[in-house]
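Asker: Need a 3D model of the sequence below.
(chains A and B)
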Number of protein chains: 2
Amino acid sequence: MNYTFAIVGALGNVGTEMRNILETSNLPIENLVLMDIAENAGKTVVWRDREHTVIESKPEAFEGIDIAIMSAGGAASLTLSPEAVKRGCVVIDNSTAFRMNPDHPLVIPEVNPDALENHNGIIASPNCSTIQMLVVLKPIHEKYTIKRVVVSTYQAVSGSGQAAIDELKNQTLAFANDEEMTANVYPHQIAFNALPHIDDFMENGYTKEEMKMIEETAKILDPNIKMTTTTVRMPVVNGHSESLNIETEDSFEIDEIKTLMDNADGIILEDDPENNVYPLAINATGKDPVYVGRIRRDFSADNALNMWCVSDNLRKGAALNTIQIAQELVERDLVKP
Amino acid sequence: MNYTFAIVGALGNVGTEMRNILETSNLPIENLVLMDIAENAGKTVVWRDREHTVIESKPEAFEGIDIAIMSAGGAASLTLSPEAVKRGCVVIDNSTAFRMNPDHPLVIPEVNPDALENHNGIIASPNCSTIQMLVVLKPIHEKYTIKRVVVSTYQAVSGSGQAAIDELKNQTLAFANDEEMTANVYPHQIAFNALPHIDDFMENGYTKEEMKMIEETAKILDPNIKMTTTTVRMPVVNGHSESLNIETEDSFEIDEIKTLMDNADGIILEDDPENNVYPLAINATGKDPVYVGRIRRDFSADNALNMWCVSDNLRKGAALNTIQIAQELVERDLVKP
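Answerer: This next block holds a predicted model:
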């Protein structure tokens, strides 16, 4: 049983990661259709040694597509996804459009794969900073019941797209050449700085990025987990890092947490501080797992711990997660080709 | 009544800041003696339009000095400070040597100036990341009684000295020129990365930097405050940022906290997110105050809030704090010239 896949937003940063990951995946892909905005239609891309011509992402383009993996932004997804579903296509969407929609599941395959069963045609993939955090929190919650999490993030510019990567590089070159830096993508210089500002600010003083982590955790893992977040943009090209402070209902030994992490799906334990081994953004780039380390007891509260968690925000934080959702859908026979 | 001052470690990064700040201070300085390691003796520096020759920092050099401000590292301070005291000099020390010594006070003038009264000849100045945090926590603790603080830091390389600034710059230039980066000061590349590692690791899994913040808070502000810390080195030249999560005994309104910060000594409130106004490392560099912003309620616990706090780690975090201690000593007539 072979499927016709589509990638929508195929030329973007995340779309490119999707193409790369699909190239070596063992998904039963009969055909891959690449879609992007009108101005990119007609461009060609080589995939599995064959030239593919990009077509415009419009409603009729979804005729005959079994699974569309979309990373085209929230507005495009809101318009296109229902049109795709109407044409019998199952949509896996990387945008914010359907994440908090109660009719559609928000899925991390390591965390809540069963939610896929009631997909109603559209499955949302969570925000990048949520995904890596919940891959880590899931096994801890299952065993010790998490009460509260305090998160501070250290997020890379690749999450804001290619223009942001270029901006960091250009500001860095300006610094190297002793020239003035200009900021267009971010409201302030990102090179050699830390911006406590990701996505728009809301009335309650939080950014949308901060609220996404809280609300998506409630939907995916457990609404009883209390959580507060501070999200910060860093002069890092790729790879998000997170400082997690976790309080649990039940008591634990730190070694038990390390073993739990070591055995968990999708997690690599890198925790040998004496030998300077801990997760690093530059090492996580291009890799699939979520890396955890610096696991230690927090002596300021009962049953509390700190840890450091790093992952490639374009892969597990976006492209890879959508493809893992596709794999799970196919294995569970939840898409009819 | 005029005093003879000395700066010990006068040619280092912090020593340079000390010279700059003293240049325009209104301290009653009759004479300034500049000391540094033997190999720098004989070098000259212009201060207040007059050439000063650096002398070697050795016990006899402290004869006739009333106040010595030291930033020469812990080992040098352990040897030199008692020798200076023997010669009637009061030492204000920026190193770790005497910070946790119960015979000597650890002072932030905005926080615990009364502790100066029993200085026994040596006053320690706290760790950079502690100082800016406690300037902020003090007024909150006074009014609402802080129960617990969860801190994640975003620390600049200047805290590791000039070699670290050079390393970040060289790695940045290597990146710009597409050359390989080399790491000597830090165990890993610092450019475009985040290192959850500041100072040495201890048996309990924390770094010394993390433990300093906890232990110094107990000594300076209140041993009843529970605290946990994660300290992270960033590719920022200068200016430490901190994400603070604070739980208090008493209830508060967020606007009360903002007003409290706005009226506090040594703090500037920069909190207008809608207009992209929040504290930034690049803006704090070269300035005296601690900047706070992103003040918002933490909905995950009772009486809890988050904030973002930034300061120049070489100034308020080191040089400025020692000079403010000198000012307080002079005003309280705690040094006999």
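Asker: A:Q171 - nearest residue in space that isn't next to it in sequence?
Answerer: Sequence neighbours aside, A:A191 is the residue nearest to A:Q171 in space, at 3.7 Å (criterion: Cβ to Cβ, 6 or more residues apart in numbering or on different chains). Quick note: C-beta positions are derived from backbone N, CA and C, even for glycine.
Asker: Unless I'm misreading it, the one you found sits right up against A:M234, doesn't it?
Answerer: No. No contact is recorded between A:A191 and A:M234 when judged using Cβ atoms under 8 Å, the distance being 10.4 Å.
Asker: Of these two, which one has the most company?
Answerer: A:M234 (27 against 23; other Cβ atoms under 10 Å in any protein chain shown).
Asker: Model confidence score at the more buried one, please.
Answerer: pLDDT, A:M234: 97.
Asker: A:S158 is in contact with that one, correct?
Answerer: No. Judged on Cβ under 8 Å, A:M234 makes no contact with A:S158 at a distance of 11.1 Å.
Asker: Residue numbers of the stretch 101-250 of chain A in contact with chain B?
Answerer: A:148-150, A:152, A:154, A:172-173, A:175-177, A:187-189, A:192-197, A:201, A:204-207, A:226-228, A:230, A:232, A:234-237, A:241, A:243, A:245 (Cβ under 8 Å from any Cβ of the partner chain).
Asker: Which ones among these lie within helices?
Answerer: A:T172, A:L173, A:F175, A:A176 (DSSP state H).
Asker: If you rank those residues by neighbours, which is first?
Answerer: A:T172 leads those on contacts (other Cβ under 10 Å) with 23 neighbours.
Asker: Which elements pack onto the lengthiest helix in chain A?
Answerer: Among the segments of chain A that qualify as a helix by DSSP H, the longest is helix A:128-144. In terms of contacts (3 or more Cβ pairs under 8 Å, 6 or more residues apart in numbering or on different chains; DSSP states H and E), helix A:128-144 is packed against strand A:146-154, helix A:208-220, strand A:240-248, helix A:254-263, strand A:267-269, strand A:290-297, strand A:304-311.
Asker: Format those as JSON lines; extra columns: mean neighbour count and distance to A:R99.
Answerer: Listed next are the helices and strands packed on helix A:128-144 as JSON lines, based on neighbours: other Cβ atoms under 10 Å in any protein chain shown; distance: least, Cβ to Cβ, whole Å:
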{"stretch": "strand A:146-154", "mean neighbour count": "25", "distance to A:R99": "18"}
{"stretch": "helix A:208-220", "mean neighbour count": "21", "distance to A:R99": "6"}
{"stretch": "strand A:240-248", "mean neighbour count": "26", "distance to A:R99": "18"}
{"stretch": "helix A:254-263", "mean neighbour count": "15", "distance to A:R99": "26"}
{"stretch": "strand A:267-269", "mean neighbour count": "20", "distance to A:R99": "23"}
{"stretch": "strand A:290-297", "mean neighbour count": "24", "distance to A:R99": "19"}
{"stretch": "strand A:304-311", "mean neighbour count": "26", "distance to A:R99": "18"}
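Asker: Any figure for the gap between the closest residue to chain B within the stretch 101-250 of chain A and B:I140?
Answerer: Relative to chain B, the nearest point of the stretch 101-250 of chain A is A:G205 (3.1 Å; Cβ to the nearest Cβ). Per Cβ to Cβ, to the nearest Å, A:G205 is found 17 Å from B:I140.
Asker: Report the angle between the worst-scoring helix or strand of chain A on mean pLDDT and helix B:162-176.
Answerer: In chain A, the helix or strand scored least confidently by mean pLDDT, DSSP states H and E is helix A:162-176, which has a mean of 93. Counting by axes from the mean of the first three to the mean of the last three Cα atoms, to 10 degrees, helix A:162-176 lies at 120 degrees to helix B:162-176.
Asker: Would you mind pulling up the elements that helix A:162-176 packs against?
Answerer: Here helix A:162-176 touches helix B:162-176, going by 3+ Cβ pairs under 8 Å, 6+ apart.
Asker: now with 10 Å?
Answerer: helix A:13-23, helix B:162-176 (3 or more Cβ pairs under 10 Å, 6 or more residues apart in numbering or on different chains; DSSP states H and E).
Asker: Give the buried residues for the shortest one.
Answerer: Of the residues in helix A:13-23, those buried by neighbour count under the rule 16 or more other Cβ atoms under 10 Å in any protein chain shown are A:N13, A:V14, A:G15, A:T16, A:E17, A:M18, A:R19, A:N20, A:I21, A:L22.
Asker: Name the residue in A:G205 and B:I140 with the higher neighbour count.
Answerer: B:I140 (22 against 18).
Asker: Report pLDDT for the more buried one.
Answerer: pLDDT, B:I140: 98.
Asker: Walk me through the domains of chain A.
Answerer: Domain assignment for chain A, taken from automatic domain parsing, gives A:3-126+A:318-331, A:130-312.
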